[in-house]
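S.K.: okay, sequence plus prediction incoming.
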Amino acid sequence: MDLRLTPDELRFRDELRDWLAKNLADLPPEPDHLDWPARRAYDTDWQRRLFDAGYAGVNWPSDFGGRGSSPTEQLVFLEESARAGVPYVGVNFVGLLHAGPTLIAEGTPEQQSRHLAQILRGDQVWCQGFSEPGAGSDLASLRTRAVRDGDHYVVNGSKLWTSHAEVADYCELLVRTDPDAPKHKGISWLILPMDLPGITVRPLRTVLGTAEFGELILDNVRVPAENLVGKENDGWRVTNVTLSFERGTAFVADVVESQREVGELAKLITDPVARNELAHIAAQLEGLWALVKRNVSEAERTGVPGVGGSVFKLQYSEARQKLSDLGGRVSGRSALSMSDRAGRERLQWLNLTIAAGTSQIQRNIIAERVLGLPRSRA
Amino acid sequence: MNFLPTDDQAAVVASLAELCERSFPDGRLGELAETGEGIDTRVWRDLTEFGTFMLVEEGIADAALAAEVLGKALIPGPVVATMLAPLLPEGSVGDGPIGLIDLTDDQPILVEHPDVITALVMLTDDGVSVLSGDELRAAPGLLQIPEPMDPLTPLASVPSLAAGQHIGGPDLATFLRQRGAVLTSAFQVGIAAAVIGQAVAYVSVREQFGKPVGSFQAVQHICADMLARSEVATAAARSAAVILDDPDAGDIARAIPAAKILADEAATLNAKACIQVHGGMGFTWEVQTHYFLKRAWVLSTQYGTVDTYCDALAAVL
């Protein structure tokens, strides 16, 4: 049991630090939050720089253009990048963390050559079409319908929470191909080019007042059948294979950022009760950071992450919300303005206990899949 | 980096767990509690022969992994203080169970296991000193507490203790307090994990409304939170242990407070949650979870509390 980086890992870290120091110096100014095309340009420009330096897809296998790094090196990469303050993965999120890994695991050689290198270079932006107005926590009940018609699927339905839909080139789309099968057995995974006729993107205004997400309306969209990933009706399994790809490192940058905020708040807080609360949150983040390392070591030994994912998400989201609540209280009436960071974040992080599986769903997963308790629902 | 137990460490953990199961079987807790003795001579002897109380010589990480196992089995006796004994200057204490008390806080002096300890290590503002067991038991005004909250942690109160033999300065006191805090955290996360097993076993078979109560989400979510607390606290306790052995691997000023805060809370909150999911049975003496909660409360007062560590952590943020 050790926490020491090996000589190879240290060399990787030191080279990365040098590269980050050089490349962050001439970064263009961050674009306006609401200017989507500018945000795409900014995020993909950074992705291109990573690609040119060999840091794109650090954890992707080298056969698919990645660096093929170990989980520990991936952790070092994420930690060092976050400490240096690199641009957020932004519009590249779905491509790099979800669609790309899915295509690596389940795509045909043609699908892989059409998308993977492009995602790594920042030339292709993806969005996610999973949730629907009627399918949230119970995602497998989704109703967007795809009917085979010759060489095409004809798709009708609507999707919700498709972040970056306005600027995406492709969408990873879950559709129902067999309405008569049990709900998990009639779903397929399609590559949806976003320039097809019949696609409407409607912005979805969040509690922040801005349109972070979109609603996707699909009206007789004809998707080529060759865009099916995996087998027809096997989409639920295809979706779940990538969940193991993140290998327990999904929130590394977020923990680093939270720790920075703890440090900043510590300078502002004098009230002993509030300081005690801050120390509690800091202890939680220390524990979560140790848990990340354990999960990474487990992934290194076994190739798959342990049970850490749901536990981590549950505890991290609650710690971050407590931190932003405390930040809001420290800001006091200043937090009543949306230009106050604490005021904004208090709203922003409401999403953490909801997105990507609510805290209640995480608890269901822990209770039934990890602890093995009797099932509570059909 | 490999933050998993090595094969050797895993082997020690496995044989120690087997020893506890064999030598301190289910039901022994209850029997022992009736005697009021607070130490089981057989398991203590077996643990000593196994080398448990010498493990710190291999490193705090090795000792901490062992302390988790002892916590899971709720081994009675002054486990952590005795594990620390090899770190004292040679000849300071003899064999047998060793007690330790921190006299730097303003708490009443309550000595644990007063009848059986062969020496009492005292942390004071001047450093560290030692009383022999016999000197302790001859202390004027020493009174057995007739009904200790934890039936497996006998207590004696004493108005004051003699100065004893001085064996080290404040640096040694800090050194022991840090290691004691981490081993106590490890014991606490053992408790936190043990009561998850008790809760899951019970709610999986106890039926109400025609179904196992463990199929109700209200109950499931309590159990899920137990696991989440225990996993985070275990990672924190192990991390602090590794950093004590290898100070370059992290920041000890953050790691120890985090470990003790999370471990004390995981142990006490999980034990309470376990009692809760047992319903009325949980409030009975018969269900053993109360022993775990009581020990967790005892350990929460040792080597620094949640409140003192919150202060300490806030000071370095």
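M.R.: On my side now, so go ahead.

S.K.: which bits of the stretch 51-200 of chain B sit near chain A?
M.R.: Within the stretch 51-200 of chain B, the residues that sit near chain A (CB under 8 Å from any CB of the partner chain) are B:61, B:65, B:196, B:200. Yep, even glycine has a C-beta here, placed from its N, CA and C like the rest.

S.K.: so can I have TSV of the residues you listed showing secondary structure and neighbour count?
M.R.: Shown next, in TSV, are these (DSSP: H, G, I helix; E, B strand; the rest coil; neighbours: other CB atoms under 10 Å in any protein chain shown):
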residue	secondary structure	neighbour count
B:A61	helix	27
B:L65	helix	25
B:I196	helix	21
B:V200	helix	20
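
S.K.: farthest pair in the residues you listed?
M.R.: Taking CB to CB, the two most distant members of those are B:A61 and B:V200; they sit 28.1 Å apart.

S.K.: if we can go back for a sec, closest one to B:G304 out of the residues of the stretch 51-200 of chain B next to chain A, please.
M.R.: B:A61 (19.8 Å).

S.K.: which ones are touching A:T108?
M.R.: Contacts for A:T108 (CB atoms under 8 Å, 6 or more residues apart in numbering or on different chains) come out as A:E226.

S.K.: state the pLDDT value of it.
M.R.: Turning to A:T108, the model gives it a pLDDT of 97.

S.K.: got the buried residues for stretch A:47-63?
M.R.: Residues A:47, A:49-51, A:55-60 are the ones in stretch A:47-63 that count as buried (16 or more other CB atoms under 10 Å in any protein chain shown).

S.K.: residues of the stretch 201-350 of chain A that sit close to chain B?
M.R.: Going by CB under 8 Å from any CB, the residues of the stretch 201-350 of chain A near chain B are A:262-263, A:266, A:275-276, A:278-280, A:282-284, A:286-291, A:293-294, A:296-298, A:300-301, A:307-308, A:311, A:314-315.

S.K.: from those residues, keep the buried residues only.
M.R.: By neighbour count, with 16+ other CB under 10 Å, these hold A:262, A:266, A:275-276, A:278-280, A:282-284, A:286-291, A:293-294, A:296-298, A:300, A:307-308, A:311, A:314-315 as buried.

S.K.: of those residues, which belong to helices?
M.R.: Counting by DSSP state H, those place A:262, A:266, A:275-276, A:278-280, A:282-284, A:286-291, A:293-294, A:296-298, A:300, A:308, A:311, A:314-315 in helices.

S.K.: thought A:V86 was touching A:A21?
M.R.: No - taking CB atoms under 8 Å as the definition, A:V86 is not a contact partner of A:A21, at 11.3 Å.

S.K.: between the two, which one's more packed in?
M.R.: A:V86 (19 against 10; other CB atoms under 10 Å in any protein chain shown).

S.K.: which SS class is the more buried one?
M.R.: When classified by DSSP: H, G, I helix; E, B strand; the rest coil, A:V86 comes out as coil.

S.K.: which residues touch it?
M.R.: Residues near A:V86 by CB under 8 Å, 6+ apart: A:20, A:24, A:46.

S.K.: can I get the buried part of the residues you listed as one PyMOL selection?
M.R.: Here is the PyMOL selection string for the buried members of the contacts of A:V86, based on 16+ other CB under 10 Å:
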select buried, chain A and resi 20+46
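
S.K.: mind putting the contacts of A:V86 into TSV with secondary structure and distance to chain B?
M.R.: Below are these laid out as TSV (DSSP: H, G, I helix; E, B strand; the rest coil; distance: CB to the nearest CB, whole Å):
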residue	secondary structure	distance to chain B
A:L20	helix	20
A:L24	helix	25
A:W46	helix	27
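
S.K.: for stretch A:179-187, buried residues please.
M.R.: Of the residues in stretch A:179-187, those buried (16+ other CB under 10 Å) are A:183, A:186-187.

S.K.: dump that stretch to CSV, restricted to CA.
M.R.: Listed in CSV are the C-alpha atoms of stretch A:179-187, where the atom choice follows Å, rounded to 0.1, in the frame of the first residue of the first chain:
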residue,chain,number,x,y,z
PRO,A,179,-41.5,-1.8,-28.5
ASP,A,180,-42.8,-5.3,-27.7
ALA,A,181,-39.6,-6.6,-26.0
PRO,A,182,-39.0,-6.0,-22.3
LYS,A,183,-37.8,-2.4,-21.8
HIS,A,184,-34.0,-3.2,-21.6
LYS,A,185,-34.1,-5.5,-24.6
GLY,A,186,-35.6,-3.2,-27.2
ILE,A,187,-33.1,-0.3,-27.3
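
S.K.: ramachandran angles for A:T200?
M.R.: With angles defined as degrees, to the nearest 10, A:T200 sits at phi -120, psi 130.

S.K.: residue 96: how many residues sit nearby?
M.R.: You didn't say which chain, so I picked chain A. 23.

S.K.: my question was about chain B, not that one.
M.R.: 16.

S.K.: tell me where the stretch 1-150 of chain B has helices.
M.R.: For the stretch 1-150 of chain B, applying DSSP state H, counting those that start in this stretch gives helices covering B:7-23, B:28-35, B:41-50, B:60-72, B:79-84, B:133-137.

S.K.: which stretches of the chain form strands?
M.R.: In the absence of a named chain, chain A is used. Taking DSSP state E as the test, the strands found in chain A are A:126-129, A:145-149, A:152-159, A:170-176, A:187-193, A:199-204, A:213-224, A:228-229.

S.K.: not quite, I wanted chain B
M.R.: B:98-102, B:110-112, B:119-124, B:127-132, B:143-144, B:155-157, B:165-168, B:207-208, B:211-212.

S.K.: name the helices or strands packed onto the third one?
M.R.: In terms of contacts (3 or more CB pairs under 8 Å, 6 or more residues apart in numbering or on different chains; DSSP states H and E), strand B:119-124 is packed against strand B:98-102, strand B:127-132, helix B:133-137, helix B:170-205.

S.K.: again with the fifth one
M.R.: In terms of contact count using 3+ CB pairs under 8 Å, 6+ apart, strand B:143-144 is assigned the packing partners strand B:155-157.

S.K.: in the strand it packs on, which residues are buried?
M.R.: Neighbour counts over strand B:155-157 (16+ other CB under 10 Å) mark B:155-156 as buried.

S.K.: for it, enumerate the helices and strands it packs against.
M.R.: With contacts taken as 3+ CB pairs under 8 Å, 6+ apart, strand B:155-157 sits against strand B:110-112, strand B:143-144.

S.K.: mind redoing it with 6 Å?
M.R.: Contacts defined by 3 or more CB pairs under 6 Å, 6 or more residues apart in numbering or on different chains; DSSP states H and E place strand B:155-157 against strand B:110-112.

S.K.: what is the mean pLDDT for the strand it packs on?
M.R.: The model assigns strand B:110-112 a mean pLDDT of 97.

S.K.: okay, now the sheet partners of it, with direction.
M.R.: Strand pairing for strand B:110-112, using DSSP bridges, gives strand B:155-157 (antiparallel).

S.K.: and the residue of the stretch 51-200 of chain A nearest chain B?
M.R.: Taking CB to the nearest CB, chain B has its nearest neighbour within the stretch 51-200 of chain A at A:T72, 5.0 Å off.

S.K.: how about the closest residue to that residue other than its chain neighbours, what does it touch?
M.R.: Once flanking residues are discounted, A:T72 sits nearest to B:M1: 5.0 Å by CB to CB, 6 or more residues apart in numbering or on different chains. Counting by CB atoms under 6 Å, 6 or more residues apart in numbering or on different chains, B:M1 makes contact with A:3, A:5, A:72.

S.K.: which of the residues you listed fall within helices?
M.R.: Mapping the contacts of B:M1 onto helices (DSSP H) picks out A:T72.

S.K.: can you name the residues that contact B:L70?
M.R.: For B:L70, the contact set (CB under 6 Å, 6+ apart) comprises B:V79.

S.K.: next: B:Q220.
M.R.: Here B:Q220 is in contact with A:367, A:373 (CB under 6 Å, 6+ apart).

S.K.: ok, now how distant is it from A:R363?
M.R.: 7 Å (CB to CB, to the nearest Å).

S.K.: and the pLDDT at A:V307?
M.R.: pLDDT recorded at A:V307 is 62.

S.K.: repeat for the one 10 residues further on
M.R.: Per-residue confidence (pLDDT) for A:S317: 95.

S.K.: alright, that wraps it up for me.
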